[in-house]
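>>> coords please:
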Amino acid sequence: MRLILVLALCLAGCSGSPDILTPPPAPTSTLDVVGAKEDKLESRTAAAVQTAQNNADKPEVVRSETSVALAGLPKPSAGDLAYAEARALRADPKAYEASIASAAKAKADIDKLWEGMESERKANQVAMSKMTSEIDTLRKQVDEAKKEGQRNLYAMVAAGMMVLGGFAVAFGRVMIGAGLLLSGLTIGSVPFLLDTPWFLPAVGAIVILSVIVGAWHFLRKPTQTDETKV
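Residues are numbered from 1 along each chain as shown. Purely as a prediction, here's the structure:
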């Protein structure tokens with residue numbers, strides 16, 4: 001891209017406005033791909049111009065090589081083209097020296113701007129990397145806080161059910177108390193098993209145990225003690 005701008009200045013007479021020195025937007029991954037293709041194109045364009053200059057005594061070669069170079073360059077403005085043609089008519093060595101010096105200065109200014117933009121791009125990448133790391137850390141902290149809140153909630157419910165189970169056992173309701181104690185233990189273990197491979201097996205085991213205990217409780221024959229309690 002830089003070489004294209006400089007060649008355009010040389011071929012068009014270096015009479016463009018200072019707006020060409022405005023730095024482009026910070027490059028992105030897409031711009032990097034485009035820039036690589038333009039670098040290849042401008043290198044071939046420069047090679048064509050250099051070949052034309054090396055074969056200045058061969059008009060056909062000069063015309064062919066400059067045609068290749070122009071194919072890779074933007075179309076010059078009418079003003080720049082008129083300026084270059086007037087300069088060619090004058091054939092003044094001093095005018096050419098001034099144009100060369102102007103083109104060299106423009107290239108140096110553009111190179112400086114590109115270097116500054118590259119430094120800014122690298123600084124932005126570092127800042128973005130740091131910001132992304134901080135966001136990931138905050139996300140992990142939020143997730144951990146949520147898990148901790150869930151564990152506390154499950155622990156409170158489990159503790160409540162186990163207390164009730166203890167009271168039930170103390171008052172002779174052993175089966176009810178055992179069920180409450182078992183439920184309390186199950187609820188308390190949920191947050192610790194939820195994200196592990198043991199969660200589904202544990203749930204299955206609890207369901208099977210509950211079915212067995214429930215079936216035993218409802219199908220067993222009531223004893224005389226049970227009838228007396230009722």
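>>> mind telling me what element Q125 is part of?
In this assignment (DSSP states H and E), Q125 forms part of helix 93-170.
>>> ignore the last one, I176
Per DSSP H and E: helix 174-193 holds I176.
>>> got phi/psi on P197?
The phi/psi pair for P197 (degrees, to the nearest 10) reads phi -70, psi -10.
>>> no, scratch that, I was asking about K58
According to degrees, to the nearest 10, K58 has phi -120, psi 90.
>>> for the closest residue in space to L181 that isn't next to it in sequence, grab the count of nearby residues.
Leaving aside its chain neighbours, L181 sits nearest to G165 (3.8 Å; criterion: CB to CB, 6 or more residues apart in numbering). C-beta: built from backbone N, CA, C; applies to glycine. Look at G165: counted by other CB atoms under 10 Å, it has 22 neighbours.
>>> cool, E144 as well?
10.
>>> likewise the one 10 residues further on?
Other residues within reach of Y154, judged by other CB under 10 Å, total 19.
>>> ditto for V49
Neighbour tally, V49, other CB under 10 Å: 21.
>>> now do the SS call for G172.
Under DSSP: H, G, I helix; E, B strand; the rest coil, G172 falls in the coil class.
>>> how far away is it from V211?
According to CB to CB, to the nearest Å, G172 stands 25 Å off from V211.
>>> how about the contacts made by the residue nearest to L181?
By CB atoms under 8 Å, 6 or more residues apart in numbering, G165 lies in contact with I176, G177, A178, G179, L180, L181, L182, S183, G184.
>>> run the last query once more with 7 Å
G177, A178, L180, L181, G184 (CB atoms under 7 Å, 6 or more residues apart in numbering).
>>> from those, pick the one nearest W114.
Lowest distance from W114 to the contacts of G165 (CB to CB) belongs to G184, with 68.7 Å.
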